[in-house]
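1. I'd like to go over a predicted model; first the sequence, then the structure.
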Amino acid sequence: MNILERVYLDNGATSFPKAPGVAEHMAAYILENGSSVSRGAYSSAMDASRMVYETREFLCELFNFDHPDHVIFTKNVTESLNQAIKGLLNEDDHIIISSMEHNAVMRPLNSIGCDITRVQADDEGFVSPEDVEKSIQEHTKAIIMIHGSNISGSINDIKRIGEIAKAHNIYFIADVAQTAGVIDIDMKDMDMLCFTGHKSLLGPTGVGGFLIQPELAKIMKPLIEGGTGSASEQETQPEHMPDKFESGTPNVVGICGLHTSLSYILEKGIRNIHDYEMTLVEYFFNNFDQPNVRVVGTKDLSRRTAVISLDFKENDNAVIAFQLERKFNIQTRVGMHCAPSAHKTLRTFPNGTVRVSFSSFTTIEEVQYLIDAIDTLLKET
């Protein structure tokens, strides 16, 4: 088989390539503007401020939200989840999570020492909303749950879980790191949505954020406090939004890149992006036939993303990933994916999996190349 120069299949970690124009617009900001936001009234600063606000509006359009001033920028989804957890919870609170959560949720929760109920997902990674409801206690304060698994690609029913939370007067916080940009998400189904810009939103690393309903924003404490460019005569943190949660100079160049990628996604259409990615997944499922390789998770295209994990039963997963890159220039992600509880649920602990994750820029030819490369490797062993 002809060896391709580079096949990037680690979009579950960070997308590559980025949306068209992202790099160029980020460079243009650095070279031609360079101003901060909320710190100056001169023209270039005002231009930058307008771009940042328009990015908030793009996110509102993407997630069906009516409050651009309640769109907060952070550096990634991990920071957003830490803000949610450490700004809202204490050790006396009861929290409901799933067995599929990422360490971005588990580590801050364990740091606080909350009373945690971990709802067990099935062996494909799906959480039953009914099991979530059965876990509610008198002192339950919040449900925090991943939308799409970064290992199995399974998509949880966050709409139904949000309805349950609302009926019981419990906060619902959703981790949409793997689904933002490829699955329709409605902010009306939740109290807080935590996202990152560098995965399926096709933006740069170093920029993420959260959307928060006004009622929750009033009671949540900011994780970081300091200069906001507003109310500078005060030595206490302002309460008005978004300044309450945005201290320090923001990553304007990163937001510029996100502005460009969001514009591309909104023009392209989430449904079109999702449908194309599912054609890639369907092609892989229809053409990948290795009895000694377990495909983790469901093959139901309506319930998954383009994240696929493979468990090589008679081979070392790490060796397979290494050989895919060394011999065929195929870049994947191997290991525990920062989610040991999920791997225990999926019966892939402690060896982890070889994860391949497609994007809307992946081609059918690259998917076939992956299939052929794995077939060649297994014949050699």
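-> Happy to help now that I have it.
2. Now for the residue of the chain most remote from its centre: which residues touch it?
-> Centroid-distance maximum for the chain: Glu233 at 37.4 Å, with C-alpha atoms, centre = their mean. By C-beta atoms under 8 Å, 6 or more residues apart in numbering, the contact set of Glu233 is empty. The C-beta positions use only the backbone N, C-alpha and C, and glycine is treated the same way.
3. Just to be sure, it is in a helix?
-> No. Counting by DSSP: H, G, I helix; E, B strand; the rest coil, Glu233 falls outside a helix, being coil.
4. for the chain, what spans make up the helices?
-> All helices of the chain, identified by DSSP state H, fall at 22-28, 43-63, 77-88, 103-112, 129-134, 158-167, 214-219, 252-268, 270-287, 317-328, 340-345, 364-380.
5. what does the last one contact?
-> With contact meaning C-beta under 8 Å, 6+ apart, helix 364-380 is reached by 1, 4, 7, 9, 279-280, 283-284, 287-288, 290, 292-293, 310, 312, 315, 320, 323-324, 327-328, 330, 356, 358.
6. which of those are buried?
-> 7, 9, 280, 284, 288, 293, 310, 312, 315, 320, 323-324, 328, 330, 356, 358 (16 or more other C-beta atoms under 10 Å).
7. Looking at those, which two lie furthest apart in space?
-> Using C-beta to C-beta, the buried ones among the contacts of helix 364-380 span at most 24.1 Å, a distance reached by Leu280 and Asn315.
8. if I pick Phe126, what's in contact with it?
-> Phe126 touches Ser154, Asn156, Thr298, Arg303, counting by C-beta under 8 Å, 6+ apart.
9. quick one: contacts for the closest residue to the second one other than its chain neighbours?
-> For Asn156, the nearest residue in space outside its immediate sequence neighbours is Val127; the separation is 5.1 Å by C-beta to C-beta, 6 or more residues apart in numbering. For Val127, the set of contacting residues under the criterion of C-beta under 8 Å, 6+ apart consists of Ser98, Ser99, Met100, Val119, Ala121, Met145, Asn156, Asp157, Ile161.
10. neighbours of the second one, just the number please.
-> Other residues near Ser99 number 17, with proximity taken as other C-beta atoms under 10 Å.
11. ok, it to Ser80 distance?
-> Applying C-beta to C-beta, to the nearest Å, the value for Ser99 to Ser80 is 22 Å.
12. With the first one instead?
-> If you measure Ser98 against Ser80 using C-beta to C-beta, the figure is 18 Å.
13. one step back: what is the nearest of the buried ones among the contacts of helix 364-380 to Pro20?
-> Within the buried ones among the contacts of helix 364-380, the smallest distance to Pro20 is 18.1 Å, found for Phe358 (C-beta to C-beta).
14. can you pull the contacts of the nearest residue to the closest one once chain neighbours are set aside?
-> Spatial nearest neighbour of Phe358, excluding adjacent residues (C-beta to C-beta, 6+ apart): Ala306 at 4.1 Å. Applying C-beta under 8 Å, 6+ apart to Ala306 gives the contacts Asn11, Gly153, Val182, Glu277, Met278, Leu280, Val281, Ser357, Phe358, Ser359, Thr362.
15. Swap in 7 Å and give it another go.
-> Taking C-beta atoms under 7 Å, 6 or more residues apart in numbering, we find Ala306 in contact with Gly153, Glu277, Leu280, Val281, Ser357, Phe358.
16. give the contact list for the third one.
-> With C-beta under 7 Å, 6+ apart as the criterion, the residues that contact Leu280 are Ala306, Phe358, Thr362, Ile364, Val367.
17. 6 Å instead, please
-> Applying C-beta atoms under 6 Å, 6 or more residues apart in numbering to Leu280 gives the contacts Phe358, Thr362, Val367.
18. same check, this time on the fourth one
-> By C-beta under 6 Å, 6+ apart, the contact list for Val281 reads Ala306.
19. Quick check, pLDDT for it.
-> On pLDDT, Val281 comes in at 98.
20. For the closest residue to Asp69 other than its chain neighbours, give me the pLDDT.
-> Spatially, and ignoring its direct neighbours in sequence, Asp69 is nearest to Met241 (4.6 Å; C-beta to C-beta, 6+ apart). We note a pLDDT of 97 for Met241 in this prediction.
21. Could you measure from Met241 over to Cys60?
-> Using C-beta to C-beta, Met241 is found at 13 Å from Cys60.
22. For burial, what's the neighbour tally of the nearest residue to Phe195 once chain neighbours are set aside?
-> Spatially, and ignoring its direct neighbours in sequence, Phe195 is nearest to Ala180 (4.5 Å; C-beta to C-beta, 6+ apart). Residues contacting Ala180 under the criterion other C-beta under 10 Å number 28.
23. Over to Glu133?
-> Per other C-beta under 10 Å, the neighbour tally for Glu133 reads 18.
24. same question, the one 4 residues further on
-> Applying the criterion other C-beta under 10 Å, we find 11 residues in the vicinity of Gln137.
25. my guess is it meets Ile96, correct?
-> No. Using C-beta atoms under 6 Å, Gln137 is not in contact with Ile96, being 8.7 Å away.
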